[in-house]
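Trainee: Got a sequence here, can you model it:
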Amino acid sequence: MKKEDIKIPVVEIFKSISGEGVSAGEVVVFVRVAGCNLRCSYCDTKYSYNQNLEEYQYLTYEEIRERINKFNCNKVICTGGEPLESDQAKRYLPLYLAEQGFKVRIETNGSCQLYSEQELSEFEINSRDSDLNYTLDIKSPSSKMSDNNIFMDNFIKLESNDELKFVVGDNQDLEYALAVIEKHKNILAQRQVMINFSPIFEVIEVDEIVEFLKQESLFFTKNNLKVRLSLQIHKFIWPPEARGV
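Mentor: Numbers count the residues shown, from 1 in each chain. Purely as a prediction, here's the structure:
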């Protein structure tokens with residue numbers, strides 16, 4: 001089947017502000033694909049789990065590009081579901097969009113391999129560091145999915161405009177995140193990756209995370225690590241369950 005004939009399940013495409021991470025507050029176009037290999041306990045997009053529902057749109061890469069163009073915005077966040085599931089056509093959508101000139105950020109759940117050099121070479125992308133970036137979610141124990149995390153194989157592929165995200169709900173999650181950072185501090189410092197701590201909404205008080213970050217600030221500074229608090233600002237603007245905003 002030719003690339004232009006491939007169709008992938010799309011849950012929604014909409015323009016809004018990015019709600020979290022390094023792009024928080026920026027106007028972007030979200031492309032949410034269907035299907036996810038994980039089932040996180042706190043997931044707020046369970047409606048995107050199943051990629052075979054009739055309610056989804058099945059669109060070609062070109063049809064997706066045309067819909068994005070209507071928003072007059074060249075910044076795109078590819079999310080899900082899980083956009084980087086292996087052996088699926090949706091995996092290559094972010095590469096196609098970056099090749100078409102969009103600035104693409106991929107929100108991935110940390111259990112899928114990031115792109116290999118071979119995959120990147122199959123698309124004409126000017127600069128991976130500026131045109132195609134990752135938000136790599138490291139699953140905490142609260143997610144019930146932490147056994148699926150891929151660490152070093154993905155960390156060595158990160159660059160300075162990429163970021164890690166730890167979604168935390170209690171002290172165990174915070175200590176888990178700290179242990180991961182401690183173990184991989186050299187590569188994270190070398191790559192100058194932003195490390196975000198984000199609360200599970202309405203589960204942990206944000207000031208608990210702030211106190212933790214204050215307590216560990218010397219460790220982060222000594223090891224040249226970029227660490228910060230990241231809130232899901234869209235949940236403070238619209239109802240937390242709102243879609244397409």
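Trainee: what's the distance between the biggest helix by length in the chain and the middle of its chain?
Mentor: The helix that spans the most residues within the chain, counting by DSSP state H, is helix 171-183. Relative to its parent chain, helix 171-183 has a centroid offset of 19 Å by Cα atoms, centre = their mean, to the nearest Å.
Trainee: Sort out which residues of that helix are buried, please.
Mentor: Neighbour-count burial for helix 171-183 flags 173-174, 176-178, 180-181 (criterion: 16 or more other Cβ atoms under 10 Å). Backbone N, C-alpha and C define where each C-beta goes, glycine included.
Trainee: Nearest to Gly21, out of the residues you listed: which one, please.
Mentor: Ala177 (15.3 Å; Cβ to Cβ).
Trainee: ok, now how distant is that closest one from Leu164?
Mentor: 9 Å (Cβ to Cβ, to the nearest Å).
Trainee: tell me, what's touching those two both at once?
Mentor: Common contacts of Ala177 and Leu164, defined by Cβ atoms under 8 Å, 6 or more residues apart in numbering, comprise Ile138.
Trainee: Render the CA-only coordinates of the longest helix of the chain in PDB, please.
Mentor: What follows is helix 171-183, C-alpha atoms only, in PDB (Å, rounded to 0.1, in the frame of the first residue of the first chain):
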ATOM      1  CA  ASN A 171       5.500  10.400  47.900                       C
ATOM      2  CA  GLN A 172       6.200   7.000  46.400                       C
ATOM      3  CA  ASP A 173       5.900   8.500  42.900                       C
ATOM      4  CA  LEU A 174       8.200  11.300  43.900                       C
ATOM      5  CA  GLU A 175      10.900   9.000  45.300                       C
ATOM      6  CA  TYR A 176      10.500   6.800  42.200                       C
ATOM      7  CA  ALA A 177      11.100   9.800  39.900                       C
ATOM      8  CA  LEU A 178      14.100  10.800  42.000                       C
ATOM      9  CA  ALA A 179      15.600   7.300  41.700                       C
ATOM     10  CA  VAL A 180      15.200   7.300  37.900                       C
ATOM     11  CA  ILE A 181      16.800  10.800  37.700                       C
ATOM     12  CA  GLU A 182      19.700   9.700  40.000                       C
ATOM     13  CA  LYS A 183      20.400   6.600  37.900                       C
END
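Trainee: Quick check: what element follows that helix along the chain?
Mentor: helix 185-191 (DSSP states H and E).
Trainee: elements contacting that following helix?
Mentor: helix 152-155 (3 or more Cβ pairs under 8 Å, 6 or more residues apart in numbering; DSSP states H and E).
Trainee: model confidence over the helix it packs on, on average?
Mentor: Confidence for helix 152-155, expressed as mean pLDDT, is 97.
Trainee: Spell out the residue ranges of the strands in this protein.
Mentor: 7-17, 27-33, 57-60, 75-79, 103-108, 132-138, 163-168, 194-199, 226-229 (DSSP state E).
Trainee: Out of those, which is closest to Gln51?
Mentor: strand 7-17 (4.5 Å).
Trainee: Using neighbour counts, pick out the buried residues of the closest one.
Mentor: So, applying 16+ other Cβ under 10 Å, buried residues of strand 7-17: 8-13, 15-16.
Trainee: Sheet-wise, list the partners of it with their directions.
Mentor: strand 27-33 (antiparallel), strand 57-60 (antiparallel) (DSSP bridges).
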